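Chemist: Would you be able to build a 3D model of this:
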Amino acid sequence: MKRRQLLSAALATLAGASTAAIAQSATTEKPPLLQVWKDPSCGCCGDWVKHLQASGFLVQVIDTGNVAARKHLGMPDTLGSCHTARIGGYAIEGHVPARDILRLLREKPNALGLAVPGMPIGSPGMDGPEYKGRRDPYDVLLVQRDGRATVFQSHRG
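Modeler: Here you go, the predicted structure:
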């Protein structure tokens, strides 16, 4: 009887450890490769890439400009910015914060992707010392495949 109890206890411990290891690997799993199209001379785009890398993203930079990529991915020009990216089947337009991209990948909405139109000061990549701490409010938009957009996340300075 004692042998069975020990075996049961050992199996329960192993099962608990395996579950904990699986849960930990699921929460520490790195996001998939993010490809970004940008102009080679754009400093704010480079700073956005650094922001993503600091947040754990593996980034492939394609320095050919982003107009053709935006069109190919189906992102409306009206939501355009200075760089376009693709990750996990989603289009990312503009200075979208890393945490919002992670949320998108976690929630997996049926959508085209995210956009931050224009270049709001204080957004990632637009937050350098030349802006002296200025942070303008902006919205990250969830863009549907038909081009409609709704607020995904508001950032209020």
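Chemist: From now on I want contacts and neighbour counts done on CA atoms only, so please keep to that.
Modeler: Will do.
Chemist: and Arg70, which of the three is it?
Modeler: The three-state label for Arg70, taken from DSSP: H, G, I helix; E, B strand; the rest coil, comes out as helix.
Chemist: thought it was touching Arg86?
Modeler: No: look at Arg70 against Arg86 with C-alpha atoms under 8 Å: they stay out of range, at 9.6 Å.
Chemist: quick one: which of these two has more around it?
Modeler: Using other C-alpha atoms under 10 Å as the criterion, Arg70 and Arg86 rank with Arg70 on top: 23 against 20.
Chemist: Local confidence estimate at the more buried one?
Modeler: Per-residue confidence (pLDDT) for Arg70: 97.
Chemist: Neighbours of the closest residue to it other than its chain neighbours, how many?
Modeler: Leaving aside its sequence neighbours, Arg70 sits nearest to Thr84 (C-alpha to C-alpha, 6 or more residues apart in numbering; 6.0 Å). Thr84 has 27 neighbouring residues, counting by other C-alpha under 10 Å.
Chemist: Where does Thr84 fall, secondary structure wise?
Modeler: strand 83-87 (DSSP states H and E).
Chemist: sec struct for the residue nearest the centre of the chain, please.
Modeler: For the chain, Ile101 is the residue whose C-alpha lies nearest the centre (C-alpha atoms, centre = their mean; 2.3 Å). Here Ile101 is recorded as helix under three-state DSSP.
Chemist: got the contact list for Gly118?
Modeler: Leu79, Gly80, Ser81, Cys82, Gly94 (C-alpha atoms under 8 Å, 6 or more residues apart in numbering).
Chemist: Compare those and tell me which is most surrounded.
Modeler: Busiest of the contacts of Gly118 [other C-alpha under 10 Å] is Gly94, holding 26 neighbours.
Chemist: Partner strands of the strand holding Thr84, with direction?
Modeler: Sheet pairing for strand 83-87, assigned by DSSP bridges, gives strand 34-38 (antiparallel), strand 90-94 (antiparallel).
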